[in-house]
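Peer 1: below are the sequence and a predicted model for it; my questions follow.
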Amino acid sequence: MAAAAVPAFPTCSVLLGIDVGTGSAYAGLFDEDGKLLGSASSPIQIWKDGDCIEVAMDANGSPITVSLSGDSRRNIIAWMDHRAVKQAEKINSSSSPVLQYCGGSLSLEMQPPKLLWVKENLQESWTVAFRWMDLSDWQAYRATGDDTRSLCTTVCKWTYLGHAHMQQVSEKDSRNMEACGWDDDFWEEIGLGDLIDGHHIKIVLLSLELGLRAGTPIGTSLIDAHAGGVGVIV
C-alpha cells in the first residue's frame, strides 16, 4: 500500500527576536514586513546574591558557579550585581590608556571588575572556567554552537578596542585582528593576565540546541541600549 501523501504547506520567511531582560525573557515572531505574528514571555529566577550579563562555563559547556553558595545553577552574573566595588576601584586607579575609551573609568557593571571579583573570591570556579561570555553572545552560541562574539558587547562591556580592530579589517588572520583590539598590558596590570592565554580564547573568538536547521541565519547579538538605537533608526 502506498504511503499517504504528506500535504504541502506554504512556506514563508519569519524572523524570531529574543530579548532576555532582568526579570524575564521575551520572544517575538515577525514577518519580513515587521508585522508581529506572535509573542511569548517567561520569568527568570533571580537569586538573592545578585546572580544576567555574564555567563561562566567549563570546557564541556556546563555551568560554573559564580556564587559563594557553590550552586552551579548560579552561573550568571547580573548587570546590577555590585559585589565588585573594590575591584572596580582598583582597576580605575590604574593608568591604562584603555580607560580613556570608557569615559575615564570603568563601571562596576562592566565585565573586568566582575571577572576580577570571581578570581579573587572563587578560585576554584576561576580555575575551571573555560568560557566567559556576555549573555547576548551566549544566546547566539546556544543557537549555533559558534562562540564568535559580537563587536557590540566586547567593545561596550569588555574594553575591546573596536577602532583598532577595524583598522586591521583587511588582515587575513582573524586572531591578529583580535589581538589588535585587546590591550594585553591592561589585563596584566589589573590582575587578569591569564585571560590573554590562548589568543584570549576564554573571552572572545571573532551543537545546535534549538532544533534549527543547518544554514539558518543567526543575527549578531546586541546589548539593550544599542538594540534600541537600531530599532529607532529602522
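Peer 2: Perfect, I can see it now.
Peer 1: neighbours around Trp182, how many?
Peer 2: By other C-beta atoms under 10 Å, the residues close to Trp182 number 23. C-beta: built from backbone N, CA, C; applies to glycine.
Peer 1: where's Leu15, which helix or strand?
Peer 2: Element membership of Leu15, judged by DSSP states H and E, is strand 14-20.
Peer 1: any buried residues in that strand, and which?
Peer 2: Leu16, Val20 (16 or more other C-beta atoms under 10 Å).
Peer 1: can you name the next helix or strand after it?
Peer 2: Counting by DSSP H and E, the next helix or strand C-terminal to strand 14-20 is strand 24-31.
Peer 1: for the record, mean pLDDT for that next one?
Peer 2: Strand 24-31 shows a mean pLDDT of 90.
Peer 1: tilt between the helix or strand just after it and strand 24-31?
Peer 2: Next helix or strand after strand 24-31 toward the C-terminus (DSSP H and E): strand 36-43. Orientation check (axes from the mean of the first three to the mean of the last three C-alpha atoms, to 10 degrees): strand 36-43 against strand 24-31 gives 170 degrees.
Peer 1: ok, strand 36-43: who's next to it in the sheet?
Peer 2: Partners of strand 36-43 in the sheet, by DSSP bridges, are strand 24-31 (antiparallel).
Peer 1: surely His141 touches Asp147?
Peer 2: You called it His, but residue 141 is Tyr. Yes. The pair Tyr141 / Asp147 is scored as a contact, 4.8 Å apart, by C-beta atoms under 8 Å.
Peer 1: between these two, which contacts overlap?
Peer 2: Shared contacts of Tyr141 and Asp147, defined by C-beta atoms under 8 Å, 6 or more residues apart in numbering, comprise Met133.
Peer 1: more crowded one of these two?
Peer 2: Ranked by neighbour count (other C-beta under 10 Å), Tyr141 and Asp147 place Tyr141 first, with 23 against 16.
Peer 1: element containing that one, please.
Peer 2: Going by DSSP H and E, Tyr141 is part of helix 135-144.
Peer 1: by contact count, what packs against that helix?
Peer 2: Helices and strands touching helix 135-144, by 3 or more C-beta pairs under 8 Å, 6 or more residues apart in numbering; DSSP states H and E, are strand 14-20, strand 54-57, helix 151-158.
Peer 1: quick one: the closest residue to Met57 other than its chain neighbours and Asp81, what's the gap?
Peer 2: Leaving aside its sequence neighbours, Met57 sits nearest to Arg131 (C-beta to C-beta, 6 or more residues apart in numbering; 4.7 Å). Distance from Arg131 to Asp81, counting by C-beta to C-beta, to the nearest Å: 19 Å.
Peer 1: next: Val230.
Peer 2: 27 Å.
Peer 1: likewise for Gly228?
Peer 2: Look at Gly228 and Asp81: by C-beta to C-beta, they are 22 Å apart.
Peer 1: more neighbours, those two?
Peer 2: Between Gly228 and Asp81, counted using other C-beta under 10 Å, Asp81 has the larger neighbour count: 21 against 11.
Peer 1: and the more buried one, what pLDDT?
Peer 2: Here the pLDDT value assigned to Asp81 is 87.
Peer 1: now the one 4 residues further on
Peer 2: The score at Val85 is 94. That number is its pLDDT.
Peer 1: and for the one 4 residues further on?
Peer 2: Each residue has a pLDDT score; the one for Glu89 is 95.
Peer 1: where does it sit, in terms of helix or strand?
Peer 2: Using DSSP H and E, Glu89 falls within helix 85-92.
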